[in-house]
Each structure stands twice: as C-alpha cells, then as structure tokens.
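**Q** Prediction below, plus the sequence it came from.
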Amino acid sequence: MSPGPTSPGPTSAGPTSAGPTSAGPTSAGPTSAGPTSAGPVNAEPLNAVTAPSGFVAGGLACGLKPSGALDLALVLADDARPVPAAGVFTSNKMTAAPVQVSRRHLALTSGQAVAVILNSGNANAATGERGMQDAWAMCRGVADALGRDPHEVLVCSTGLIGIPLPVESITAAIPELVSRSSTDGGSDAAEAMRTTDTFTKEVLIRADGFTVGGMAKGAAMLAPNMATMLAVLTTDAEASPEALSQALHVGIGRSFNQMSTDGCTSTNDTVLVLASGRAGPADPAALQEAITRACCRLAEAMVLDAEGATKSVTIQVTGAATDAEAHRGARNVADSNLCKCSWYGEDPYWGRIASELGSAGIEFDQSRVCVSYGGVVVAASGVEVDHDREAVAAHMSQRNICIDADLGLGSGSATMLTNDLTHAYVDENMGTS
C-alpha cells in the first residue's frame, strides 16, 4: 500500500453546509453500567450524524447491491479540514482490509481525520493485498476530491466476505457523493450502511452545551467484543483524540461489548468518533456519558433488529464473586441456543438459565441461585418456588424480556443484551449472506 500524495489544504469545492438539524427525538438520562432499554432508536429520519455542528454526510447507490439500494456513504468535516478522531476495531484476527487501513491511518495522523467513507454489500475481507489496495483507493478517492492527504480518510466496509471489491464502481461515484453531501444527508448515509438490517439506526444525544450524533448498522454476528457492526459518531464538543479514545472505550465497554445475538464476531467491526470542536470545550465526564448513551441506544437497536428475532432479552446477573464473573455468566446465558429457543417459545424455563450459569466456569453454588422473569421470582435457593404464572406468561409474550439471576455470592454484577433464536435466523444464514 503506497503512501500516496499529500495536499496542504482543502479545495473550495465539495460539500455544502447549512447548519445542524434539530429534528427527531433526543435521549435523556445517563447510562451507568450496561445497555439501556429505551426502545427503538429512531421513529423518523434524524440526520443524526450531521446534527452536531461541523459535519455533512451523504449516501448514494454505486452498484454494489443488485437491488440498486443505497450502498455508499460518506461523513466528513464541512470545511474539509481534519478533526480529532478515535476508533475501536474488531478483536477478530481475521481482520478485514478497511479495518487495517483505518487503524493505520489513525496511528499515522495521531488521531486526525477529515472523512469516513463506508460501503455496504461487500466486506472487502479475506481479499489479500488487493483488498488493501482497494481500501486505500477508497481513501485516496475521497482525499483527491477534497484536496487532502489520503491518510486523513478512514474507511469501512460491510457485506459478503471473501469476494473482491468492485472498487471502480466506488471510486467513480465518490466525486458525486462528495458534492452531494450536506447537513440533510445523514439519514441517507445511515441507509447506505444497511445490509440485512430492517431499519436504519440513528441516535441523537443533546447534552449540556454540545451534541453527539450517531449512525450504525448491525443485525447479526453480534457478539463481544464488538459485533458485525459499523458505527460512526460525531460531536461538536472540543476534545483531543486521547479524550475521544478514552470516552469511546468506556462507551463501547458498556454497550456494544455487552450484547450478543449469535455469539459470532465479525471481521469488520468498527466504531469511529469525530469531534469538530465547534461547541467549545466539554467536561470530559459529560462527553463520556453522552458517548456512552449514544452507544447504548445503538446497541439496543441492533439487538432489536437481530436477524429473525422476535424478542429482545436483557440478562442481569448479580451476586457474582466479581463483575468479570458476572459478565462471563451473563454471556454464557446470552449465547445459549437452548435458552434462545425457550425465549422464542415464550417458555420461562429457568433451569436452562441456571444450567448455563453453572457451566460458565465461575464461582457457583446452586443452593443460592435465584431467577426472576420480569421481576417475578420463579426460583430461589436453586429450586422452583410458587409464583404468579400468569404474570410471567404475560411478560414472556412481550417484545422485551428481562431476566434476573442472583448468584448470592458477592457484589459482582453485569448486564447483557441478546435475543431469541428463530427459524428466520436459519433461513437468513443457511446460504452465503
């Protein structure tokens, strides 16, 4: 991958800016530990990623998807000058080319980026040196249109693995994508990220004196750490790359790393955050809280939209020896196909919950275990107890299920978001998808 030419400043042409949008719902209340349960992220297009002052975005169809749907997205600084940025990437060692390129670019620029280009329909993963060159070509195409250094551009891809990327279709569309980008283009960008997602995922957090906007995609291969997901967050708060990185890591730890739809981890997982600084300095704790809230809302939307899912399930484990053991136990339950099938069948089979906790490799005493569904205790001291079966059945029939398991051993606690397992998931994944 050649370094490519540099350019000292932006050109005058390119994206337009008309100020941030203000439509759409906001999110209130802090997130302490673990995902929230606030419902779907967006009931209408928010243009959320362009709501913070200083950003424009756009999306168009360049031909990667046979359906002709939008498949190429761009988020960039409205003055085409780099801003502080940070990223967190997949833990999968089978790492896609765009992940490698974006990670390298953030390192070479010490956390500065002018734009993020994203495509759906092809993951550009398991594509060898050609894939690296194609990811670089996407960055170079945006940089050339803006008069910037390609290292200041980050790149994301999502879609089918092991298929060469038709990069010529992408690079040919970049000039139009740049010129079309505006503050009204955020929802088109969010739409262009979708693969098997059934709805776009946007979030808008209005904090005290600054805003955080975000968009994401993800509906399968969602498992700690990270998921088959791409997310781009923007903020108009003034923050250094180091502060952004710290806030992003905390936010991801309390959101995307606490969800699992099918126990699989993707090759392309990427979460990026860019800060324009237009709103001035922000309290680091307030910025961290806002980013965490945005991540939690997006994570919840991903679980809600999990392939084939009919239930979103929140698993809360308390009374563990440590937080780490609580997390391990909750994840064991979340990844259990037996548990997932019982949730699909609306069966409060607490024995499966207890069994998965007992096999999680954590400190466990069956005589102390207590399990509840929707706040109704169904088992205590490791055995079933009398309970309101109608209340439990009513809870199990809902879209959102809450399961609490108290191990009775210590103060460790953790929360996981997951979903049920249905025939539709098998139908979606029995072929190349």
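**A** Cool, got the structure.
**Q** low pLDDT regions in the protein?
**A** 1-45, 219-228, 261-266, 307, 424-425, 427-433 (pLDDT under 70).
**Q** what's the domain layout of it?
**A** Listed by automatic domain parsing, the domain ranges of the chain are 48-304, 312-429.
**Q** Serialize those domains to JSON lines and add fields for mean neighbour count.
**A** All C-beta atoms are positioned from the backbone trio N, CA, C, and that covers glycine. Output for these, formatted as JSON lines (neighbours: other Cβ atoms under 10 Å):
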{"stretch": "domain 48-304", "mean neighbour count": "23"}
{"stretch": "domain 312-429", "mean neighbour count": "19"}
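**Q** Tell me which other helices or strands the biggest helix by length in the chain touches.
**A** As assigned by DSSP state H, the longest helix anywhere in the chain is helix 284-304. If you count contacts as 3 or more Cβ pairs under 8 Å, 6 or more residues apart in numbering; DSSP states H and E, helix 284-304 packs onto strand 201-206, strand 211-217, strand 230-238, helix 241-253, strand 312-320, strand 412-419.
**Q** quick check: longest strand of the protein.
**A** strand 270-281 (DSSP state E).
**Q** what angle do that one and strand 230-238 make?
**A** Angle of strand 270-281 versus strand 230-238, following axes from the mean of the first three to the mean of the last three Cα atoms, to 10 degrees, is 10 degrees.
**Q** ok, strand 270-281: who's next to it in the sheet?
**A** strand 83-89 (antiparallel), strand 230-238 (parallel) (DSSP bridges).
**Q** by how many degrees do the longest helix of the chain and strand 230-238 diverge?
**A** 160 degrees.
**Q** between helix 284-304 and strand 211-217, how many degrees?
**A** Using the same axes, to 10 degrees: helix 284-304 against strand 211-217 is 30 degrees.
**Q** Grab the CA positions of helix 284-304 and hand them over as CSV.
**A** Taking C-alpha atoms only, helix 284-304 is exported to CSV below (Å, rounded to 0.1, in the frame of the first residue of the first chain):
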residue,chain,number,x,y,z
PRO,A,284,-14.7,15.0,29.9
ALA,A,285,-17.1,13.2,32.2
ALA,A,286,-20.1,14.7,30.4
LEU,A,287,-18.7,13.8,27.0
GLN,A,288,-18.0,10.3,28.1
GLU,A,289,-21.6,10.0,29.4
ALA,A,290,-23.1,11.3,26.2
ILE,A,291,-21.0,9.0,24.0
THR,A,292,-21.9,6.0,26.3
ARG,A,293,-25.6,6.9,26.0
ALA,A,294,-25.3,7.0,22.2
CYS,A,295,-23.5,3.7,22.1
CYS,A,296,-26.1,2.1,24.3
ARG,A,297,-29.0,3.3,22.2
LEU,A,298,-27.4,2.0,19.0
ALA,A,299,-26.5,-1.3,20.7
GLU,A,300,-30.1,-1.8,21.7
ALA,A,301,-31.4,-1.1,18.2
MET,A,302,-29.0,-3.8,16.9
VAL,A,303,-30.4,-6.4,19.2
LEU,A,304,-33.9,-5.3,18.4
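**Q** could you check the angle strand 312-320 makes with it?
**A** Using the same axes, to 10 degrees, helix 284-304 lies at 120 degrees relative to strand 312-320.
**Q** just how off-centre is helix 284-304 within its chain?
**A** Centroid separation between helix 284-304 and its chain, computed with Cα atoms, centre = their mean, to the nearest Å, is 9 Å.
**Q** how about the nearest residue to Ser372, chain neighbours excluded?
**A** Asp404 (4.3 Å; Cβ to Cβ, 6 or more residues apart in numbering).
**Q** Repeat that for Ala354.
**A** Nearest non-adjacent residue to Ala354 (Cβ to Cβ, 6+ apart): Val369, at 5.4 Å.
**Q** Then Gly63?
**A** Ser169 (4.6 Å).
**Q** now do Gly361
**A** Arg328 (6.7 Å).
**Q** dump the residue contacts of that neighbour.
**A** Residues near Arg328 by Cβ atoms under 8 Å, 6 or more residues apart in numbering: Ala360, Gly361, Ile362.
**Q** go with 10 Å
**A** Val317, Ala320, Thr322, Leu357, Ala360, Gly361, Ile362, Gly412, Ala414 (Cβ atoms under 10 Å, 6 or more residues apart in numbering).
**Q** Same check on Val371?
**A** 348, 350-354, 357, 377-380, 382, 384-385, 403-406.
**Q** With Cys139 instead?
**A** Cys139 touches 1, 4, 98, 101-102, 105, 115-117, 148-155, counting by Cβ under 10 Å, 6+ apart.
**Q** What of Pro66?
**A** Pro66 sits in contact with Gly121, where contact means Cβ under 10 Å, 6+ apart.
**Q** Ala172 and Gly63 touch, don't they?
**A** Yes: counting by Cβ atoms under 10 Å, Gly63 is a contact partner of Ala172 at 9.1 Å.
**Q** Can you give the distance from stretch 155-169 to the centre of its chain?
**A** On Cα atoms, centre = their mean, the centre of stretch 155-169 falls 19 Å from that of its chain.
**Q** swap that for stretch 182-195, please
**A** With Cα atoms, centre = their mean, you get 15 Å for stretch 182-195.
**Q** Could you measure from Val153 over to Ala85?
**A** 11 Å (Cβ to Cβ, to the nearest Å).
**Q** any shared contact partners between these two?
**A** Common neighbours of Val153 and Ala85 (Cβ under 10 Å, 6+ apart) are Ser102, His105, Thr109, Ala113, Val114, Ala115, Val116.
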